[in-house]
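>>> sequence first, then the predicted structure, then my questions.
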Amino acid sequence: MTNPVTIRAFMPEDVEAVVDLLQEVSAYLPDADTTLSLAEAFTAQTNSYACVAIQDGRPVGFGSVFILRRLRGGLSAIVEDLVVAPPMRGNGIGRAIMIALLEFARERAAEMASASDKE
């Protein structure tokens, strides 16, 4: 039996594992000596939210969303990242992350949300 997966807010101490996950969707790799400060700056933003899927104490998925003010008024949510470790795919983890991101957007009164894939 597989241990359960929980979704929680991203914390700066998750950054190394999350950067590894993000290599699935992006070739960009920040310098190792800057990742913690980048994570701290990211979590300090008020217009964004990120969460991780945790299994056995380790991130196996990550997602982030940004809330933007539209020119004609109102707010939009842009899902920036959504990635699940390859061996964990097909178990509903990506869906659970997306639900958490959309809940954040709804709580901030975003009227619409958008996402795209890398392909």
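Done, it's in. Keep in mind the model is a prediction, meaning the values are calculated, not measured.

>>> any weak-confidence spans in this protein?
Along the chain, segments meeting pLDDT under 70 span 1, 118-119.

>>> list the contacts of the helix or strand harbouring R95.
In this assignment (DSSP states H and E), R95 forms part of helix 93-107. Residues from elsewhere that reach helix 93-107 (Cβ atoms under 8 Å, 6 or more residues apart in numbering): 5, 7, 49, 51, 53, 60-65, 67, 77, 79, 82, 84, 113, 115. Glycine gets a C-beta too; all of them are placed from N, C-alpha and C.

>>> now with 10 Å?
Around helix 93-107, the neighbours that count as contacts under Cβ atoms under 10 Å, 6 or more residues apart in numbering are 5-9, 48-53, 55, 60-67, 75-85, 88, 92, 110-113, 115.

>>> again with stretch 84-91
Contacts of stretch 84-91 (Cβ under 10 Å, 6+ apart): 2, 5, 17, 20-21, 24, 53, 55, 58-63, 83, 92-97.

>>> distance of T34 from A9?
Going from T34 to A9 by Cβ to Cβ, to the nearest Å gives 21 Å.

>>> packing partners for the longest strand out of those in the chain?
For the chain, the longest strand by residue count, based on DSSP state E, is strand 58-69. Secondary-structure packing of strand 58-69 (3 or more Cβ pairs under 10 Å, 6 or more residues apart in numbering; DSSP states H and E): strand 6-9, helix 15-22, strand 48-55, strand 75-84, helix 93-107, strand 110-114.

>>> who does the first one pair up with?
Partner strands for strand 6-9, per DSSP bridges, with pairing direction: strand 48-55 (antiparallel).

>>> pull the CA atoms of the partner strand into CSV?
Provided in CSV are the C-alpha atoms of strand 48-55 (Å, rounded to 0.1, in the frame of the first residue of the first chain):
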residue,chain,number,x,y,z
SER,A,48,1.1,34.3,-5.6
TYR,A,49,0.7,30.9,-4.0
ALA,A,50,2.5,27.6,-4.4
CYS,A,51,1.8,24.2,-3.0
VAL,A,52,3.6,20.9,-2.9
ALA,A,53,2.3,17.4,-2.8
ILE,A,54,4.1,15.5,-0.1
GLN,A,55,4.6,11.8,0.3
